[in-house]
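J.: Sequence isn't available, so here's the structure alone:
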């Protein structure tokens, strides 16, 4: 399932959508993971959000920003929710 979720991100609209950062290019979209899982580890793919390369760079700390980290975390969490709603609508994951 995890590889399938990562592959499904290709060509999709960015769901993180950080203002002034998002490049809006679905060709760069990947499944982004939250920070903090530890060196060499990632959180479960169900906690990921589809994000363009620019939003992904900011989430992963490869891009500097003046946004507070709490706001970036909120945008990421919103992206996770939007991604999960799409996956539910497409019957990839089940409703509870």
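T.: Yes, it's here. None of these values were measured; they are calculated from a predicted model. Numbering: from 1, shown residues only.
J.: quick one: contacts of the lowest-mean-pLDDT helix or strand in the chain?
T.: The helix or strand of the chain with the lowest confidence, counting by mean pLDDT, DSSP states H and E, is helix 2-8 at a mean of 83. With Cβ atoms under 8 Å, 6 or more residues apart in numbering as the test, helix 2-8 has contacts from 30-31, 44-46, 48, 87, 92. C-beta here means a position set from N, CA and C on the backbone, and glycine is covered the same way.
J.: any chance of those residues in CSV, plus pLDDT?
T.: Shown next, in CSV, are the contacts of helix 2-8 (pLDDT from 0 to 100):
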residue, pLDDT
30, 96
31, 95
44, 76
45, 81
46, 83
48, 94
87, 94
92, 90
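J.: Quick check on those residues: which are buried?
T.: Taking 16 or more other Cβ atoms under 10 Å as the criterion, what is buried in those is 30-31, 45, 48, 87.
J.: about what we covered before: which positions in the least confident helix or strand of the chain come out as buried?
T.: Along helix 2-8, the positions that meet the burial threshold by neighbour count (16+ other Cβ under 10 Å) are 5, 8.
J.: Which parts of this protein are strands?
T.: For the chain, the strands defined by DSSP state E occupy 30-32, 49-51.
J.: Number of residues surrounding residue 76?
T.: By the other Cβ atoms under 10 Å criterion, the neighbourhood of residue 76 contains 24 residues.
J.: correction: residue 29
T.: Taking other Cβ under 10 Å as the neighbour definition, residue 29 ends up with a count of 25.
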